[in-house]
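Trainee: Fold the stuff below for me.
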Amino acid sequence: MTASTVFNEAALDADWLGICRRAEGAAGRALASYPLGTRARGVGRGKGGDVSLVIDRAAEDAIISELERTGLPLTVVSEERGQIELGGGGPIHVVVDPICGSRNAKRGLPGWCVSIAVATGPVLGDVRWAYIRDGTCGAEWWARAGEGAFHDGARLPELDPDSPLELVGLEFIHPQLVADSAAKLAASGIDRLRALGSIALTLCYVACGRLDGFVALAGCRSVDIAAGQLILREVGGVLAFPDVEEDLHVDLASLSLDWRSRVFAAAGAPGLERLRTIA
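Mentor: Down below sits the predicted model:
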């Protein structure tokens, strides 16, 4: 076993819950330093393609500084800076959305979070650790692949795969997208829709049974879903990407910022198949 192999294994086995909590705390302090009237200032366009707000950059800088302090060799994929190498880089990828729900955060509304995923390689199936913290109420979700998912320290139970689609989270709700999909949404059998304004939080809500499914009406990126999808899958939830090749397994979706697809998610296959009719 080479020294680099040992170092990379140490990176994967690090105290990621502690690291993520410190990183999230630093991001929260960075955000709090900006009064509400100053949060909406744009600072260019991030590598993920969206206009970056001053709070996005500040939160991301704070998180990356905490990751740098670990001294671990990491390849970071983040919404604003794109892919960067820390400690020389390596196969351990850390996928960061510093503020998932920036439109809410800039206005002081609930519905935003910090999302961090740790993977052993460059695709979604490589994600081994996930952490999401609600920036408003402080609720935490985390998961380790094969070991279940947790909400505020309590292990989440397996979802009922036959859950009805009573409440479904809807994201990317531009009025025209909603109008274009309205007939299919109505025909899918969904009883009610909810829009939180944060993809990562919506996936966590499906994982803990607050919502029965999730529909993204436009293309998601790796930073949007990397952590939330593991938390959901660790309790039996399922996902589909209708905008990629039919033979591409969910696990093979790239963690790079170039990847885009609408995402559907549910507690089980029956609900997911009903949501797929919206595509």
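Trainee: Low-confidence stretches in the stretch 51-200 of the chain?
Mentor: 51 (pLDDT under 70).
Trainee: Try it again at 80.
Mentor: 51-52 (pLDDT under 80).
Trainee: how about the helices of it, start to end?
Mentor: Using DSSP state H, counting those that start in this stretch, the helices of the stretch 51-200 of the chain run over residues 54-69, 102-107, 175-187, 199-207.
Trainee: So which residues make contact with stretch 169-182?
Mentor: Defining contact as CB atoms under 8 Å, 6 or more residues apart in numbering, one finds that stretch 169-182 is touched by 185, 193-199, 202, 205-206, 211, 213-218, 278. Every residue, glycine included, has its C-beta placed from N, CA and C.
Trainee: Buried subset of the residues you listed as a ChimeraX selection?
Mentor: Burial among the contacts of stretch 169-182 is assessed by 16 or more other CB atoms under 10 Å; the matching ChimeraX selection reads:
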select :185,196,197,198,199,202,205,206,211,213,214,215,216,217,278
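Trainee: Show the pLDDT at the residue nearest to residue 239 when sequence neighbours are not counted.
Mentor: Setting aside the residues directly before and after it, residue 239 is nearest to residue 265 in space (CB to CB, 6 or more residues apart in numbering), at 4.6 Å. Residue 265 is assigned 98 on the pLDDT scale.
Trainee: Equivalent analysis for the one 3 residues further on, please.
Mentor: The confidence metric pLDDT takes the value 97 at residue 268.
Trainee: now do the one 10 residues further on
Mentor: At residue 278, the model reports a pLDDT of 95.
Trainee: Surely it is within a strand?
Mentor: No: counting by DSSP: H, G, I helix; E, B strand; the rest coil, residue 278 is not part of a strand but coil.
Trainee: wait, what's in contact with it?
Mentor: Applying CB under 8 Å, 6+ apart, we find residue 278 in contact with 181, 184-185, 188, 215, 264.
Trainee: show me what contacts the residue nearest to it when sequence neighbours are not counted?
Mentor: Counting by CB to CB, 6+ apart, residue 278 lies nearest to residue 184, which is 4.5 Å off, once chain neighbours are set aside. By CB under 8 Å, 6+ apart, the contact list for residue 184 reads 277-279.
Trainee: Repeat that for residue 26.
Mentor: So residue 26 contacts 62-63, 65-66 (CB under 8 Å, 6+ apart).
Trainee: How about residue 129?
Mentor: Going by CB under 8 Å, 6+ apart, residue 129 touches 16, 117-118, 142-145, 230.
Trainee: Quick check: buried residues in whichever strand or helix holds residue 24?
Mentor: If you go by DSSP states H and E, residue 24 is part of helix 16-32. Across helix 16-32, burial judged by 16+ other CB under 10 Å covers 16, 19-24, 26-28, 30-31.
Trainee: Any chance of TSV for those residues, columns distance to residue 52?
Mentor: Shown next, in TSV, are the buried residues of helix 16-32 (distance: CB to CB, whole Å):
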residue	distance to residue 52
16	26
19	24
20	22
21	25
22	23
23	18
24	19
26	18
27	14
28	18
30	14
31	14
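Trainee: Generate a markdown table for those, with pLDDT as supplementary columns.
Mentor: Formatted as a markdown table, the buried residues of helix 16-32 follow (pLDDT from 0 to 100):
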| residue | pLDDT |
| --- | --- |
| 16 | 97 |
| 19 | 98 |
| 20 | 98 |
| 21 | 98 |
| 22 | 98 |
| 23 | 98 |
| 24 | 98 |
| 26 | 97 |
| 27 | 97 |
| 28 | 96 |
| 30 | 96 |
| 31 | 95 |
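Trainee: ok, those residues vs residue 92, which is closest?
Mentor: Using CB to CB, residue 16 is the member of the buried residues of helix 16-32 that lies nearest residue 92, at 10.3 Å.
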